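Colleague: no sequence on this one, just coordinates:
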Ligand SMILES: Nc1nc2c(c(=O)[nH]1)N=C([C@H](O)[C@@H](O)CO)CN2
């Protein structure tokens, strides 16, 4: 099953970083998400309840990310991937988490992960 929902450039503002100066400010991070989901039932019925609601999912990612502080972008990336898999029953996802303010001489830094399995329907 190759259907995907994309959420690109979803930003959050949160306490993130390993240095003292980072513990008292909020920094902007960006999520790029690719979510495996079969869109056919929703498309056939034109029914939001039969698909992965990207609004609901985005709101949850924002709420989770902004309600906690972390040192590493790795930690937040892993926790958000876990949340999406468990709460939204997404069998496979990729997640890129960018921290563009991290390095003065780099445009961006990011971690990229893939989690889960791509289940092919048995026929
Ligand atoms: N692999 C990582 N390296 C670094 C991280 C990180 O989250 N993962 N974080 C920092 C600092 O917080 C940095 O963003 C401040 O500029 C350094 N290295």
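Modeller: Now that the structure is in, tell me what you want to look at. The structure displayed is predicted, hence computed values, not measured ones. Residues are numbered from 1 along each chain as shown.

Colleague: from here on, just use CA atoms for contacts and neighbour counts.
Modeller: Noted.

Colleague: quick one, strands of the chain?
Modeller: 4-14, 27-36, 92-98, 110-116 (DSSP state E).

Colleague: between the ones you listed, which one is closest to residue 60.
Modeller: strand 4-14 (11.1 Å; Cα to Cα).

Colleague: residues of the closest one that come out buried?
Modeller: Going by neighbour count (16 or more other Cα atoms under 10 Å), the buried part of strand 4-14 is 5, 7, 11-12, 14.

Colleague: cool, stretch 58-66 as well?
Modeller: Those would be 58, 60-62, 64-65, for stretch 58-66 by 16+ other Cα under 10 Å.

Colleague: and stretch 88-107, by the same measure?
Modeller: 90-100.

Colleague: ok, and does that stretch reach over to the ligand?
Modeller: Yes - counting by Cα under 6 Å from any ligand atom, contacts between stretch 88-107 and the ligand involve 102-103.

Colleague: mind listing residues that contact the longest helix seen in the chain?
Modeller: Counting by DSSP state H, the longest helix found in the chain is helix 73-88. Helix 73-88 is contacted by residues 16-17, 52, 57, 61, 64-65, 70, 90-93, 95-97, 99, 110-111, 113, 115-116 when judged by Cα atoms under 8 Å, 6 or more residues apart in numbering.

Colleague: give me the distance between residue 3 and the ligand.
Modeller: In this structure, residue 3 and the ligand are 31 Å apart, going by Cα to the nearest ligand atom, to the nearest Å.

Colleague: doesn't residue 36 make contact with that residue?
Modeller: Yes - in this structure residue 3 lies within contact range of residue 36 using Cα atoms under 8 Å: 5.9 Å.

Colleague: just want to know which of these two has more residues nearby.
Modeller: When residue 3 and residue 36 are compared for neighbours, residue 36 comes out ahead with 22 against 11, by other Cα atoms under 10 Å.

Colleague: what sits against the residue lying closest to the more buried one once chain neighbours are set aside?
Modeller: Excluding its sequence neighbours, the residue lying closest to residue 36 (Cα to Cα, 6 or more residues apart in numbering) is residue 4, at 4.5 Å. Listed by Cα under 8 Å, 6+ apart, the contact partners of residue 4 are 34-39.
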